[in-house]
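Q: Sharing a sequence plus its predicted fold:
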Amino acid sequence: MPKLIAANWKMNKTIKESISFIEEFKKITKNIGNAEIVVCPPFTLLHEIKKLLKNSDIKLGAQNMHFEDAGAYTGEISPLMLKEIGCEYVILGHSERREIFNEDDFLINKKTISALNHGLKPILCIGENLEQRKNAKTEEVIENQLRNCLKNIDKNQIAEITIAYEPVWAISRGDPNHRAATKEDAEEGHQFIRNIVAALYDENTAEKTRIIYGGSMKPENAKELLAMPNIDGGLVGNASLKAESFAEIVRAAK
């Protein structure tokens, strides 16, 4: 199974900026066949980027979605809309959705089930914040999030889910002075997640589940993180906003 390297642009880039990025990125990654690449732009860019990705191996993903197909949900986007526009992946439960918009595990579970039912591949985000880590609650938080978010999802469906470990305390959010988690910190979290998946399903399912790192992966640390045995890729934020830096991370995924 190839590493999955996903770009989460968050609330960044105009149409003009996204066109420039994709054109440059396609050129400098033309002969890189060692990773599955996903770009997750804001909703306003999905249609334009889908056209730009035609005849390439780069996949399209969205940053969020509602669990209903249609209805009176002002400002929301449905899974049907994402499928029609050409999305293959969708990020669900990102730490910023949890922290800023108060999304809980039970809402994220409904979204995950809906995404699976519509043939979208969820990138399911889980992870502890600084206070929880300081209080030695990391494993409790991760296990509870996994059990709640994967409720009523069977062994066949989990194969379509990528789990992204987001140690919220390690995310820089563009702060140049921020110090990321060590590769050992990241590996420990991934190993624990795999153990919980094994407990919920079985060892074989856990081994096949793709678990990626969402705690400030960048060109400087990508190679050592991606070399760890339980890290199957990265969900990249700030470092995915420039084509060259994102390409460096993709090159590190061997």
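A: Right, received. Where do you want to start? Numbers count the residues shown, from 1 in each chain.

Q: drop to CA atoms for contacts and neighbour counts, all remaining ones
A: Will do.

Q: and Val39, backbone torsions?
A: phi -110, psi 130 (degrees, to the nearest 10).

Q: Give the burial count for it, as a bare number.
A: 26 (other CA atoms under 10 Å).

Q: and if you look at the one 5 residues further on?
A: When neighbours are counted by other CA under 10 Å, Thr44 registers 11.

Q: ok, it - contacts?
A: Ile15 (CA atoms under 8 Å, 6 or more residues apart in numbering).

Q: And Asn195, by the same measure?
A: Ala206.

Q: Just to be sure, it is in a helix?
A: Yes. Counting by DSSP: H, G, I helix; E, B strand; the rest coil, Asn195 is located in a helix.

Q: Tell me the predicted confidence for it.
A: If you check Asn195, the pLDDT there is 97.

Q: cool, Lys254 as well?
A: Looking at Lys254, its pLDDT reads 77.

Q: ok, it touching Ile32?
A: No. Using CA atoms under 8 Å, Lys254 makes no contact with Ile32, being 10.0 Å away.

Q: Surely Thr162 touches Leu124?
A: Yes. Shown here, Thr162 and Leu124 form a contact pair, counting by CA under 8 Å, at 6.1 Å.

Q: So between these two, which is more surrounded?
A: Comparing Thr162 with Leu124 by other CA under 10 Å, the one with more neighbours is Leu124, at 25 against 22.

Q: so where do the helices sit in the stretch 51-200 of the chain?
A: Using DSSP state H, counting those that start in this stretch, the helices of the stretch 51-200 of the chain run over residues 79-85, 95-101, 105-117, 130-134, 138-149, 155-158, 183-200.

Q: Show me what the fifth one is packed against.
A: In terms of contacts (3 or more CA pairs under 8 Å, 6 or more residues apart in numbering; DSSP states H and E), helix 138-149 is packed against helix 105-117, strand 121-126, helix 183-200.

Q: Then the third one?
A: Contact partners of helix 105-117 among helices and strands, from 3+ CA pairs under 8 Å, 6+ apart: strand 89-92, strand 121-126, helix 138-149.

Q: Switch those over to a markdown table; also include mean pLDDT and distance to Phe21.
A: Shown next, in a markdown table, are the helices and strands packed on helix 105-117 (pLDDT from 0 to 100; distance: least, CA to CA, whole Å):
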| stretch | mean pLDDT | distance to Phe21 |
| --- | --- | --- |
| strand 89-92 | 98 | 20 |
| strand 121-126 | 98 | 23 |
| helix 138-149 | 96 | 33 |
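
Q: Can I get the worst-scoring helix or strand of the chain on mean pLDDT in PDB, CA atoms only?
A: Least confident helix or strand, the chain: helix 130-134 with a mean of 89, by mean pLDDT, DSSP states H and E. Taking C-alpha atoms only, helix 130-134 is exported to PDB below (Å, rounded to 0.1, in the frame of the first residue of the first chain):
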ATOM      1  CA  LEU A 130      -2.100  20.000  25.100                       C
ATOM      2  CA  GLU A 131      -4.100  19.900  28.300                       C
ATOM      3  CA  GLN A 132      -5.200  16.300  27.700                       C
ATOM      4  CA  ARG A 133      -1.600  15.300  27.000                       C
ATOM      5  CA  LYS A 134      -0.300  17.100  30.200                       C
END
